[in-house]
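The following comprises the amino acid sequence and a computationally predicted model.
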Amino acid sequence: MSGGSHAAPARGPGPGLLLALVVLAALVAGGFWWSTRLPTPRAQEPTAAPGGGSGSAALTGGVPDGTTDGRVSLGDDGSARMSLILTFAKPVDRLDLSVPARRGAAADTNPRLSALTVEADGRAVEAPDRPEPGRDATVELVEPSTRVVIAYTATGVTLHTTPAKPTRALALVTPVVVAQAEGSPWRVSVDSVKVRNLGCAGNDGMLVSCGTAAGATWTAEGSGVEGRTDVLAQLDLPVS
């Protein structure tokens, strides 16, 4: 055998390098997967509302057609005193009020209104004291207005729903629909220690929890684009 030195055998990449290559390949593959599954977002094109109306803020320079702020206080007898504060980007000269029949959880309610008052831009407006359920009532404003306050008392809005818990009830806190405010942002606040939650029901009548609480006040809100929404308060009432 020769006494000369032999060259050391070539070594492959170490374990650390192999791990780094595997991680890099996974990141590249993952980035490609996300880029193919989630395309870059783009601004939604505004769509004209039926009949040429402006159904979204995008069509009115960022100002909604109107907002509705409902405030509700509930009595121990299941009655409710309610007020609606409506603001409009453009003045309105009339209000079309209705108390339509409901579906789903609110189907058995039978709202009856009394002591209804209307103020437009701080001035009292003549209005029907007791609008009839199922029939529209039109309130003509003395002058076009951008802020209207409707207040009324409602009975027949509360249902005892759980035989095993006689005190448990549901109360419809949005019995009145104002045609001029439909499709606009809304908020309903119920101030009562009796309330346990708020539920929202759309056109299908299905009730979904939608309330948030701050102390004794529960609030639900929506953008208006979801269509007509009924809000019901789940509460505990004394058994008469």
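Noted; the coordinates are in hand. Numbering: from 1, shown residues only.

From the rest of the structure, what touches stretch 159-177?
If you take CB atoms under 8 Å, 6 or more residues apart in numbering as the criterion, stretch 159-177 is touched by 70, 72, 74, 78, 80, 82, 84, 97-100, 102, 105-106, 108-109, 111, 113, 131, 150, 152, 154, 157-158, 188, 190, 198-199, 228-239. Where you see a C-beta, it was placed from the backbone N, CA and C, and this is true even at glycine.

For burial, what's the neighbour tally of R102?
20 (other CB atoms under 10 Å).

Secondary structure element holding it?
Using DSSP states H and E, R102 sits within no helix or strand.

on that earlier part again, now list the buried members of the contacts of stretch 159-177.
70, 72, 74, 78, 80, 82, 84, 97-99, 102, 105-106, 109, 111, 113, 131, 150, 152, 154, 157-158, 188, 190, 198-199, 229-235, 237 (16 or more other CB atoms under 10 Å).

Quick one: residues contacting T212.
Per CB under 8 Å, 6+ apart, neighbours of T212: W218, T219, A220.

So which of the buried ones among the contacts of stretch 159-177 belong to strands?
Among the buried ones among the contacts of stretch 159-177, the members found in strands (DSSP state E) are 70, 72, 74, 80, 82, 84, 97-98, 113, 150, 152, 154, 158, 188, 190, 198-199, 230-235.

May I have stretch 193-211 exported as PDB, CA atoms only?
Extracted in PDB, the C-alpha atoms of stretch 193-211 (Å, rounded to 0.1, in the frame of the first residue of the first chain):
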ATOM      1  CA  VAL A 193     -83.200  45.100  34.400                       C
ATOM      2  CA  LYS A 194     -85.800  42.500  33.300                       C
ATOM      3  CA  VAL A 195     -84.100  41.900  29.900                       C
ATOM      4  CA  ARG A 196     -81.900  38.800  29.400                       C
ATOM      5  CA  ASN A 197     -81.000  39.200  25.700                       C
ATOM      6  CA  LEU A 198     -82.200  40.600  22.400                       C
ATOM      7  CA  GLY A 199     -83.000  38.500  19.300                       C
ATOM      8  CA  CYS A 200     -83.400  39.600  15.700                       C
ATOM      9  CA  ALA A 201     -85.700  38.000  13.200                       C
ATOM     10  CA  GLY A 202     -85.500  38.600   9.400                       C
ATOM     11  CA  ASN A 203     -88.000  37.800   6.700                       C
ATOM     12  CA  ASP A 204     -87.800  34.100   7.500                       C
ATOM     13  CA  GLY A 205     -88.900  34.700  11.100                       C
ATOM     14  CA  MET A 206     -85.900  32.900  12.600                       C
ATOM     15  CA  LEU A 207     -84.700  34.400  15.800                       C
ATOM     16  CA  VAL A 208     -81.000  35.000  16.300                       C
ATOM     17  CA  SER A 209     -79.200  36.500  19.300                       C
ATOM     18  CA  CYS A 210     -78.200  40.000  18.400                       C
ATOM     19  CA  GLY A 211     -78.000  42.000  21.700                       C
END
